[in-house]
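Colleague: Sharing a model that was predicted from the sequence below.
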Amino acid sequence: MIETPERITLEEWDQQYKLLQKAGIYQPDYGGPLSRHVEDGDQRLLKLQYDNSAAALRLWNFLLTEEDRLHKARADGKKIIGTMKDLGTVPVMAYSFDNVVAFYPDGAWWIPCVMELSAGLLEIADSLGIDESFCPVRAMLGAFVTGAHFPVPDMLICSVGATCDDFSAIAQRLNGLGHPILWWEIPHRRRAETGEAMVNLTGGFSAPECQVEFVKSELDRIKNALEELTGEQLNEEKLCAGIKEANQVRRYLAELRYLAFTAELCPIPALEMLVAEMLAIHFCSDRNETIAVLKDLLDEVKARVRTGKGILDADAVRIFWVNPVADLQVMNLLEDCGGRICGTEYLFTHALDIIPENLPPIEALAQMALADPMAGSSADRAQRICTDIRRFGAETVLISRIPGASHCALEGEIISQIIQETFDIPVLEIEVPPVTDSMRPTVCTRLEALVETVKARPRVKQRKWRKK
Amino acid sequence: MTRPETTIIYTCPYVPAEWIAAHGLHPCRVIPETADPAFLTARTEGVCPYVRSFICEVMKYKQAGGVVVTTVCDQMRRVFDILVRNCDLPAFLMNVPNTWQSIAAQKLYIEELKRLSRFLIRLGGMSPSTDVLINKMLEYDKARKSILAAREYLSARQYAEAIAVLGRDGPGGLLNDAARSGPLTAGVPLAIVGGPLMKRDLEILGMVEEFGGRIVLDATETGERGMCAPFNRRRLSDDPLMELASAYFGGIQDASRRPDSELYKWLKRQLVTRAARGIVFHRYVWCDMWHAELGRLKEWTDLPVLDIDTAGDNETDRNRTENRILAFLETLQ
């Protein structure tokens, strides 16, 4: 464990890297100083603050070398699958094959941020008629056109139905550009009606059995397509093994989240936690390494909690964060403004929940797909958020609006109302574009106001509801 | 005609009016007025104007007995959440799959019709007998054919209004007399393509004609494109529900379909048959589904395409639309 956990700049990381090297830290083959990634054009890295642990170094290096891994996988003869939109289900199946690597082209939505708009991906999307009225995930179109950020996958699989219109429309545009897509349907999750058999899903949701059966048939279709592509049969045993491995990722993350959100002193920055959570959705193109990276991070956090060390003041305001941010720097800002993350709902909580291992594997995956918070109503999503607010003891909620996203236009108000009906806590909604530089003072002012509002309230009394 | 007591409102073309009518209820397809500016003022940015207006219309429709919303687009799907929280009207969210090529998706649509039936029965509807369903289907089919046959003789606005009246009131008087006046042939033949039009947006059809154009294909959701396929009489008598599902789910081509290839096949056929010389592409701001089609449509067709994006609620918008249509037609004349 690092003696003094703190957030440091990229420049400071160079010094820290030398110290860690001298101390003989283990570095995987993708290791090295973080600042080297700036040479690849990742300019935003210069403006971020990072955790100073060796575990964080490994996490960042793992994240920032995904493209290399994908190219290596292609060179090694593996099939590359672009899984789009479902955020956590199809990759579990894909990684159960011996010779498949799956990744989310959707992840390109962070490229404009990380490269500070220098990659020109949004301009390409503009030229294809997908302008700024769409979610920043439109950067994915540019990434496909340039071919500069990931290899073109051997197969593209995309969920539609109860998904956001932005992504569905952008994926269709991609399809129109000549990229074949295997579409699969995720129906809007509803509750069972009288006389219908009901299935309890993870996350506190439920669905009628017929919807689970429907999704099973869709996942079977995907399985058949993957078997045809790879020439490999995916039997139950292999899929169960894949689920077990995915669950290992989820168990580490569950422990990490609990410690990070509930420790008296915040043991790890929000930014590293965001990156760690993201690993659950497609394992950053290497499932085994994801497990190792998370284990390292968890060990570091456990040690910090055990020794009472943290990276923020003890009175940091406990913020529950809803939706991922398009600009990673905002995760730093919330801490600069006196907040800390105590609970998250980054649109993929279903990728963090444990997949049932006592069910036929396809059925288990179908249940997980249906437990997607975005597949159901905004009220359902709000209820899950409320459960986690209670669990983690958040004092306030920040709903981070994604510019242009179809769901953000109408759901924020419902989520906010339900939270405020359930708890007497402030809820703030802000919009976060891919690069917030020009509006940084506004974002800061709003975050500071939120922090001050919470601090001005009787904080001990405020937490009483946690015991209800 | 005595109107049944309970009116069920909806706007999505994938909701079969015949199915509601066969339950002894009155189906009313709402074409909303522009939302009252004072309505839902808490949030307008990012919200599709049609969605806002539909919510407003439902809230105002005090005599309705129920509302049916579908999952065809994400914002409409979320309208259901808003109605459930803010409106006393019983609401039903119908899952209309975006995928259409699999048997499972087609079955899901039929299962949703059966679930809709249970909702309608809870609202006082009667479980329809086969004969009642067949009769309702035949009535609507006849009315649709009558409208389609009258197309050449009606102005684009009259045509759109005839479709709207059928959706709102059900099959009434047929348009068999329309042919008396002779077909309309003047003006540059154009297609209008896009999502649904609000009442106010029907003005656009008039503008096109005023400036020397003629809409020969109304491929909006509230126009001809939103009408189901004609029923096959033999299949209708064998299994009316299956035929109903086939005509609606299989017959209406939309930008929400994945893939949306059938929309382009349908458009290609219609554009050629009608000899359109240009396309007026209508979309609402924040409607991602149709907005994303614009670029593809421009690449796909050799015809000139005019993009009309509207927020649907102000005079500046109207003037801008008018000027754009005028300029477009000047280039085509």
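Modeller: Looks like it arrived, so ask away.
Colleague: Near chain B, which residues of the stretch 351-468 of chain A? Just list them.
Modeller: When proximity is defined as C-beta under 8 Å from any C-beta of the partner chain, the stretch 351-468 of chain A approaches chain B at A:377-379, A:401, A:404-414, A:417. C-beta: built from backbone N, CA, C; applies to glycine.
Colleague: now, which of those lie within strands?
Modeller: Among those, the members falling in strands (DSSP state E) are A:Arg401.
Colleague: Just the buried subset of the residues of the stretch 351-468 of chain A next to chain B, please.
Modeller: A:377-379, A:401, A:404-414, A:417 (16 or more other C-beta atoms under 10 Å in any protein chain shown).
Colleague: Point me to the residue of the stretch 151-300 of chain A nearest chain B.
Modeller: Minimum separation of the stretch 151-300 of chain A from chain B (C-beta to the nearest C-beta) falls at A:Ala169, amounting to 3.5 Å.
Colleague: how many other residues sit next to that residue?
Modeller: Residues contacting A:Ala169 under the criterion other C-beta atoms under 10 Å in any protein chain shown number 28.
Colleague: quick one: the helices in the stretch 151-300 of chain A?
Modeller: Counting by DSSP state H, counting those that start in this stretch, the segments of the stretch 151-300 of chain A that form helices are A:165-176, A:209-230, A:236-262, A:270-282, A:287-306.
Colleague: rewinding a little: what about the residues of the stretch 351-468 of chain A next to chain B, which are in helices?
Modeller: A:378-379, A:408-414, A:417 (DSSP state H).
Colleague: Is A:Ala148 located within a strand, as I assumed?
Modeller: No - with DSSP: H, G, I helix; E, B strand; the rest coil as the criterion, A:Ala148 is assigned coil and is not in a strand.
Colleague: That one reaches A:Gly120, doesn't it?
Modeller: No - with contact defined as C-beta atoms under 8 Å, A:Ala148 and A:Gly120 do not form a contacting pair (9.5 Å).
Colleague: ok, these two, which is more surrounded?
Modeller: It is A:Gly120, of A:Ala148 and A:Gly120, that has more neighbours when counted by other C-beta under 10 Å, with 17 against 13.
Colleague: Look up the closest residue to the more buried one, ignoring the ones flanking it.
Modeller: With C-beta to C-beta, 6 or more residues apart in numbering or on different chains as the measure, A:Gly142 is the residue that lies nearest to A:Gly120, at 6.7 Å, once sequence neighbours are left out.
Colleague: Closest to chain B out of the ones in helices among the residues of the stretch 351-468 of chain A next to chain B?
Modeller: Within these, distances to chain B taken as C-beta to the nearest C-beta reach their minimum at A:Ala409, with 3.3 Å.
Colleague: Now do the contacts for that closest one.
Modeller: The neighbourhood of A:Ala409, defined by C-beta atoms under 8 Å, 6 or more residues apart in numbering or on different chains, consists of B:43, B:45-48, B:75, B:78, B:286.
Colleague: same thing with A:Pro360?
Modeller: The contact partners of A:Pro360, taken as C-beta under 8 Å, 6+ apart, are A:Glu236.
Colleague: what residues does the helix or strand containing B:Leu166 touch?
Modeller: Element membership of B:Leu166, judged by DSSP states H and E, is helix B:156-169. Outside of helix B:156-169, the residues that reach it under the criterion C-beta under 8 Å, 6+ apart are B:17, B:27-31, B:140, B:143-144, B:147, B:150-151, B:154, B:172, B:175, B:192, B:197, B:202, B:205-206, B:208-209, B:214-215, B:218, B:220, B:222-224, B:226-227.
Colleague: Pull that helix out as CSV, backbone CA atoms only.
Modeller: Presented in CSV, the C-alpha positions along helix B:156-169 are these (Å, rounded to 0.1, in the frame of the first residue of the first chain):
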residue,chain,number,x,y,z
ALA,B,156,-52.6,16.8,-49.6
ARG,B,157,-54.2,18.5,-46.6
GLN,B,158,-57.6,17.0,-47.4
TYR,B,159,-56.0,13.6,-47.8
ALA,B,160,-54.1,13.9,-44.5
GLU,B,161,-57.3,15.1,-42.8
ALA,B,162,-59.3,12.2,-44.2
ILE,B,163,-56.7,9.8,-42.7
ALA,B,164,-56.9,11.7,-39.5
VAL,B,165,-60.7,11.6,-39.4
LEU,B,166,-60.6,7.8,-39.9
GLY,B,167,-58.2,7.5,-37.0
ARG,B,168,-60.2,9.8,-34.8
ASP,B,169,-63.8,8.9,-35.6
